[in-house]
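Participant: Need a 3D model of the following:
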Amino acid sequence: EYAEDDRSCFLTSGRPVFEPAALQIIRDGQDARFGAGEAFRTHFDQHFPPCEIEWDAHAQEPKIVPATRGRLRLYQQPIVRRTYSAGWDPSAGDRGSDFSPGAGIDNLTLDLVWTWIGKLPPEELARLARLIGLYFNESKVAWEANNHGVAFGITIEDLGYPNLYFRTTTKESVAKQITE
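Facilitator: Reported below is the predicted structural model:
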């Protein structure tokens, strides 16, 4: 069987990573809760206002600050004693480079709890990742470790962030890769 057009083939092929109905909503730019088009954007901004995160020197903790053109969106506030995980894709961070997105999930529900999209050099992105990680109960932080990710990893380690993910390999897994 073949898809009807070039878009629907990606919505229905194989085992989809994303829920096809959700992709259709995004493609159509509408959601029953928010409406369509500009109404969608307005209602989305009202429910999940753009913001930034900064260090509160007095309280000695990160704090969320409203920002009209903020790059951070919080979909849920952190819950005490709940664990979270975050993923980052560092880039060069300059005008000609790709964006450096980040996202966080609740490890219990697997709900998306925050997203960040922008362009920062890897060292600055690591500082930001540290703040968001601390805000979300010292969430586990993982990142793409090639190219610009190396600088990100060195910086976040140097900052002393306490909960970093590192891929582990065993002699058996390396030997299997070599023989295949």
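
Participant: Please count neighbours and contacts with C-alpha atoms only from this point.
Facilitator: Fine.

Participant: Between the two ends of stretch 96-112, how far is it?
Facilitator: Between the opening and closing residues of stretch 96-112 there is a gap of 28 Å (C-alpha to C-alpha, to the nearest Å).

Participant: Residues contacting that stretch, please?
Facilitator: Applying C-alpha atoms under 8 Å, 6 or more residues apart in numbering, the contact partners of stretch 96-112 are 75, 82-93, 113-120, 125.

Participant: for the chain, longest helix please?
Facilitator: With DSSP state H setting the assignment, residue counts place helix 122-135 as the longest helix in the chain.

Participant: Counting only strands, which of the contacts of stretch 96-112 make the cut?
Facilitator: 84-88, 113-116 (DSSP state E).

Participant: Tell me the most packed of those residues, by neighbour count.
Facilitator: Among the ones in strands among the contacts of stretch 96-112, residue 86 has the most neighbours (other C-alpha atoms under 10 Å), with 26 neighbours.

Participant: What residues does that residue make contact with?
Facilitator: Residue 86 makes contact with 102-105, 133, 139-142, according to C-alpha under 8 Å, 6+ apart.

Participant: In space, what's closest to it - neighbours in sequence excluded?
Facilitator: Taking C-alpha to C-alpha, 6 or more residues apart in numbering, and ignoring the residues beside it in sequence, residue 86 has residue 104 as its nearest neighbour in space, at 4.2 Å.

Participant: Report the rounded mean pLDDT for the strand or helix carrying residue 141.
Facilitator: Counting by DSSP states H and E, the element that carries residue 141 is strand 140-143. Averaged across strand 140-143, the pLDDT comes to 98.

Participant: ok now whichever helix or strand comes after it, how far from the chain's centre?
Facilitator: Of the helices and strands lying after strand 140-143 in sequence (DSSP H and E), the nearest is helix 148-158. The gap between where helix 148-158 is centred and where its chain is centred comes out at 17 Å by C-alpha atoms, centre = their mean, to the nearest Å.

Participant: for the record, mean pLDDT for helix 148-158?
Facilitator: 96.

Participant: Only alpha carbons, please: show that helix as PDB.
Facilitator: The C-alpha coordinates for helix 148-158 follow below in PDB (Å, rounded to 0.1, in the frame of the first residue of the first chain):
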ATOM      1  CA  HIS A 148      30.600  21.100  19.700                       C
ATOM      2  CA  GLY A 149      29.400  18.600  22.300                       C
ATOM      3  CA  VAL A 150      33.000  18.100  23.500                       C
ATOM      4  CA  ALA A 151      33.200  21.800  24.600                       C
ATOM      5  CA  PHE A 152      29.700  21.500  26.200                       C
ATOM      6  CA  GLY A 153      30.800  18.400  28.100                       C
ATOM      7  CA  ILE A 154      34.100  19.800  29.300                       C
ATOM      8  CA  THR A 155      32.300  23.000  30.500                       C
ATOM      9  CA  ILE A 156      29.400  21.300  32.300                       C
ATOM     10  CA  GLU A 157      31.900  19.000  34.000                       C
ATOM     11  CA  ASP A 158      34.100  21.900  35.100                       C
END
